[in-house]
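Participant: Model the following, please.
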Amino acid sequence: MAIWKAVRASTHSFYRHIGEQMGKTIYDAVIIGAGASGLMAAIAAARAGADVILLEHMDQAAKKILATGNGKCNYTNADQEIENYYCDDPDFVRIVLEKFSFQDTVRFFDELGIRPVQKNGTCIYPQSGQASSVKDILLAEVRRLHIPLLLSVGIRSVHKNHQKLFEIETKERRFYGRACILAAGGCAAKKTGSDGSGYVYAKQLGHTIVPPVPALAALLTDEDHGRLPAGIRIACTAALFVDDKKQAVERGELQITDYGISGIVIFQFSRIASKALAQHRQVRVSLDFQPELSKEQLAEYLAARFCSIYHKEQTMADALLGFFPDKLIPVLLKRAGLAADRKSARCSRKQAARLADQSKRYEVLISGIKGFDFAQVTAGGVPVHEIDPHRMESKKTAGLYFAGELVDVDAKCGGYNLQWAWASGYTAGISVKEINHTKGELR
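Facilitator: Below is the predicted model of the structure:
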């Protein structure tokens, strides 16, 4: 091993010297994008002995990490069932996650100083409760490994030249690498750096792109078909239907806004809705505002409540105070065909059953999805069938690797998208060390 490292060091020095003599610095890999996956790729590659450089077009690295977990950075999840990830080929994700597992992630960050704290069941956060801790720890390791990190780099093109080197042309200069790792992100949250430029570079290097759509985003509701009053937060079960076929069911907190419905319960299946809407299919969501009770149990409870000594002299609206959010009460009563000012004592069991049915099955028609500026991740990107999951290497261009959101893999809320970033970045990074260093020789 020591001899091999010495040979590698000598080889690096030799080609670096030749490159510098010709005004070129040749790296084992040029990594485009210094977000979560790019930083992990750089660290993994450098630890394996590769000579890499990080190029970032923003004025700071890992800006998107600061927004994760509401600023607390839910950086992985103990529940790694493959159903939590969205991909055309589940085995692709499984192979990559086996390369760098949830346990590997926890160990990696623990070694760097991030102590794990488990919350909300299986979600893992840093003990500091700050996303900035994760960002700062990664950048500290980049500095420790002496990895060059260049910010505000405007890339014009990425291609392979006649010497079989990757040539990255920027506004100021050119960078050369025997390999290139694209970790430029998707389109979500452009202000953090994800502007879709990675798709341009992937196309320049021979890849196709699955059309990107917003994911982990709020849904817009049709104003004339079930829009609810803004300002309501309520635990519920939400079922997503596409062309009247049930596609997903989620349970959690619903947030009702002036434009539609939001909250984790909606985010979890928003990518399915987003893809269906892009195909001009009908999308609707059925909301159950009392998931703890069956429809029959709820009907019995409401009938008893309306005729109790405490409520029978009240209006139906007043009788429901404390059971449903105030703003939701008149909406449900109207949907059930009941007058809000009707005396509770006059409510029949049949009418109570009608109200129970609306409370358990309130349907809203979805007219759109909040755009990329409001989405947490992107669904779409480089298709997985064009990538070798064992190395994250392109099947079309030798020496080209992918990591993170640029690939057509996304996941539910809960640290899964970051786990994908760590695992894919690590896999791409360690694969760089296997490059044959006779490639890229300047003649």
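Participant: in the sheet, who's paired with the spatially most central residue of the chain?
Facilitator: In the chain, the C-alpha closest to the average C-alpha coordinate belongs to Val377, at a distance of 3.8 Å (Cα atoms, centre = their mean). Judged by DSSP bridges, the bridge partners of Val377 are Ala215.
Participant: Ok, Leu182 next?
Facilitator: Following DSSP bridges, Leu182 is listed with bridge partners Ile32, Phe402.
Participant: Near it, how many other residues are there?
Facilitator: If you count neighbours by other Cβ atoms under 10 Å, Leu182 ends up with 31. In short, each C-beta sits where N, CA and C put it, glycine included.
Participant: And Pro229, how close does it get to Arg251?
Facilitator: Distance of Pro229 to Arg251, given as Cβ to Cβ, to the nearest Å: 22 Å.
Participant: Revised request: answer the last question for Ile168.
Facilitator: 46 Å.
Participant: Who has more neighbours out of these two?
Facilitator: Ile168 (23 against 14).
Participant: pretty sure that one is touching Ile155, no?
Facilitator: Yes: taking contacts as Cβ atoms under 8 Å, Ile168 lies within contact range of Ile155: 6.1 Å.
Participant: Between these two, which contacts overlap?
Facilitator: Residues touching both Ile168 and Ile155 (Cβ atoms under 8 Å, 6 or more residues apart in numbering): 32, 55.
Participant: Helices of the chain, residue ranges please.
Facilitator: According to DSSP state H, the chain carries its helices in the segments 2-21, 36-47, 90-99, 102-112, 131-144, 197-204, 264-278, 295-306, 316-319, 328-335, 349-360, 416-431.
Participant: How far does the shortest one sit from its chain's centre?
Facilitator: Read it as helix 316-319. 42 Å (Cα atoms, centre = their mean, to the nearest Å).
Participant: got it, and the fourth one?
Facilitator: Centroid separation for helix 102-112 versus its chain: 20 Å, with Cα atoms, centre = their mean.
Participant: For that helix, give the mean pLDDT please.
Facilitator: For helix 102-112, mean pLDDT rounds to 98.
Participant: do the longest one as well
Facilitator: When the per-residue pLDDT values of helix 2-21 are averaged, the result is 40.
Participant: try the third one
Facilitator: pLDDT averaged over helix 90-99 equals 98, rounded to a whole number.
Participant: Could you pull out the buried residues of that helix?
Facilitator: The neighbour-count check on helix 90-99 (16 or more other Cβ atoms under 10 Å) flags 92-93, 95-97, 99 as buried.
Participant: And for the shortest one?
Facilitator: By neighbour count, with 16+ other Cβ under 10 Å as the criterion, the buried positions of helix 316-319 are 316-317, 319.
Participant: Give the other helices and strands that that helix contacts.
Facilitator: When contacts are defined as 3 or more Cβ pairs under 8 Å, 6 or more residues apart in numbering; DSSP states H and E, helix 316-319 packs onto helix 295-306, helix 328-335.
Participant: CSV please, covering those and showing mean pLDDT.
Facilitator: Output for the helices and strands packed on helix 316-319, formatted as CSV (pLDDT from 0 to 100):
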stretch, mean pLDDT
helix 295-306, 97
helix 328-335, 96
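Participant: of those, which approaches Pro212 most closely?
Facilitator: Pro212 lies closest to helix 328-335 among the helices and strands packed on helix 316-319, at 35.0 Å (Cβ to Cβ).
Participant: Okay, now the unreliable bits of the stretch 301-443 of the chain?
Facilitator: Confidence mapping of the stretch 301-443 of the chain against pLDDT under 70 gives the ranges 435-443.
Participant: change it to 80
Facilitator: Across the stretch 301-443 of the chain, residues meeting the criterion (pLDDT under 80) sit at 434-443.
Participant: Give the bridge partners for Leu55, please.
Facilitator: Beta-bridge partners for Leu55, by DSSP bridges, are Ile32, Leu150.
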